[in-house]
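Asker: What shape does this take:
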Amino acid sequence: MKNSKDKKNKENIWKYFLIRNKNDMQEDDKQENDDIEESDSDRYDDGDVSSVNFRALIRFLVILLVVGGGAFILYYLTRTNFNSYDVIEDTNIKNSSMLDYIAYRDSLLKYSKDGATYVDEKGEAVWNETFAMKMPAADVCENYAAIADLNGNDVYIFNEEGKVSSSTMPYTISDIAVASQGEFAVILDGDKVNYINLYDKNGEQISEIQTTITQSGYPMDVDLSNDGEKLFSSYLYIDGANIKNGLAAYNFGPVGVNENADRLMGGYQLDDTVVPKVEFIDNNFW
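Answerer: Next up is the predicted model:
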């Protein structure tokens, strides 16, 4: 009986140590996992801080590079003196004092009383056209150019391939403007009435605006938008003993259909200022 009791006591003691060891191992594993999670958390936090610092450093370097580059370019342009040049190519031009030039495409359009010539970058003629004018004036818009005889009646329209059309106006011309499609507007001096007429590139009339000195005034200058739909003009008119300036805007596109017969969209009156020249800055603003 005694041996049986001692044996049972030993078994209970053995079970006690097994249970205790198992609990200790579980607590050790839990502590180890907590340490690992804390270490990972610290590592991630450190990584986030490093990433933020790296991006901030990149931004600073980019800003420094842009500011430094701009300052260097500004210094170079304002401090550098050029005292020599190299002639790449030259071209002899005969009777240059009798010629006028206007920038056309990537080169020049030269014209005179006797005709016009479009020259390329090397000064070689792409095309030329002869005519007889007393006072030629030119206007260009993208691929089209117009040359009119001021105080005369002739208008020539050109593109990069040469002459597109020539027209004879019913009255003498005082100004001309051309659009990118070849449409052109002219101011014509009539006997009692002045006209601002709009034509297509072939010389077919599109619209007519009549003006008088006593009412709307005398048209001094006119310009067309690139698309040929909008027209802006400057008038000189008499108000009692004073001479004043008026500006008028017209629209020949869908917007101006329901306005009135003249397609007048609006006007401005200037009391102390004279605007002898008007020009569109882009397709919508002058």
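Asker: Just list the residues touching the closest residue in space to Val178 that isn't next to it in sequence, thanks.
Answerer: Closest residue in space to Val178, ignoring its immediate chain neighbours: Ala146 at 3.9 Å, by C-beta to C-beta, 6 or more residues apart in numbering. The C-beta positions use only the backbone N, C-alpha and C, and glycine is treated the same way. Taking C-beta atoms under 8 Å, 6 or more residues apart in numbering, we find Ala146 in contact with Ala138, Asp139, Val140, Val155, Tyr156, Ile157, Phe158, Ile176, Ala177, Val178, Phe184.
Asker: quick one: contacts for the last one?
Answerer: Looking back up the chat, that one is Phe184. Contact partners of Phe184, counting by C-beta under 8 Å, 6+ apart, are Asp139, Ala146, Val155, Ile157, Ile176, Ala177, Val178, Leu198, Tyr199, Lys201, Leu224.
Asker: Distance of it relative to Tyr199?
Answerer: 6 Å (C-beta to C-beta, to the nearest Å).
Asker: any residues in contact with both of the two?
Answerer: Any residue near both Phe184 and Tyr199 by C-beta under 8 Å, 6+ apart counts here, and that gives Val155.
Asker: and the nearest residue to Ser166 once chain neighbours are set aside, how many neighbours?
Answerer: Excluding its sequence neighbours, the residue lying closest to Ser166 (C-beta to C-beta, 6+ apart) is Tyr156, at 5.0 Å. With neighbours defined by other C-beta atoms under 10 Å, the count for Tyr156 comes to 23.
Asker: dump the residue contacts of Tyr156.
Answerer: Taking C-beta under 8 Å, 6+ apart as the contact definition, Tyr156 lies against Ala116, Glu129, Phe131, Ala146, Ile147, Ala148, Lys163, Ser165, Ser166.
Asker: In the sheet, which residues pair with Ile157? Tell me.
Answerer: In this structure, Ile157 bridges to Ala146, Ser165 when assessed by DSSP bridges.
Asker: so where do the strands sit in the stretch 1-150 of the chain?
Answerer: For the stretch 1-150 of the chain, the strands defined by DSSP state E, counting those that start in this stretch cover 100-104, 107-112, 115-119, 125-130, 136-141, 144-149.
Asker: Now do the buried residues in the second one.
Answerer: Yep, that's strand 107-112 we're talking about. By neighbour count with 16 or more other C-beta atoms under 10 Å, strand 107-112 contains the buried residues Leu108, Leu109, Lys110, Tyr111, Ser112.
Asker: Repeat that for the first one.
Answerer: If you call a residue buried by 16+ other C-beta under 10 Å, then strand 100-104 has these buried ones: Tyr104.
Asker: distance between it and the chain's centre?
Answerer: Computed by C-alpha atoms, centre = their mean, to the nearest Å, the chain-centroid distance of strand 100-104 equals 22 Å.
Asker: what does the domain assignment say about this structure?
Answerer: Segmentation of the chain into domains, based on automatic domain parsing, reads 1-84, 136-270.
Asker: Endpoint to endpoint, the last one covers what distance?
Answerer: Between the start and the finish of domain 136-270 there is a gap of 31 Å, counting by C-alpha to C-alpha, to the nearest Å.
Asker: Ok, stretch 153-163 next?
Answerer: By C-alpha to C-alpha, one end of stretch 153-163 lies 17 Å from the other end.
Asker: count of neighbours near the nearest residue to Asn128 once chain neighbours are set aside?
Answerer: Closest residue to Asn128 in three dimensions, ignoring its sequence neighbours and counting by C-beta to C-beta, 6+ apart: Thr117, at 4.1 Å. Here the count is done by other C-beta under 10 Å, and Thr117 has 17 residues near it.
Asker: can you pull the pLDDT of Thr117?
Answerer: In the prediction, the pLDDT value recorded for Thr117 is 96.
Asker: one step back: between the buried residues of strand 107-112, which is nearest Asn81?
Answerer: Comparing those against Asn81 with C-beta to C-beta places Leu108 closest, at 29.4 Å.
Asker: Please name the nearest non-neighbouring residue to that closest one.
Answerer: Leaving aside its sequence neighbours, Leu108 sits nearest to Tyr101 (C-beta to C-beta, 6+ apart; 5.2 Å).
Asker: which residues does the one you found bridge with?
Answerer: With DSSP bridges applied, Tyr101 shows beta-bridge pairing to Lys110.
Asker: Tell me the spacing between it and Val66.
Answerer: In this view, Tyr101 and Val66 are 40 Å apart by C-beta to C-beta.
Asker: How about Trp127?
Answerer: Taken as C-beta to C-beta, the span from Trp127 to Val66 is 47 Å.
Asker: Compare the two and say which one has the larger neighbour count.
Answerer: When Trp127 is set against Val66 and neighbours are counted by other C-beta under 10 Å, the residue ahead is Trp127, at 14 against 10.
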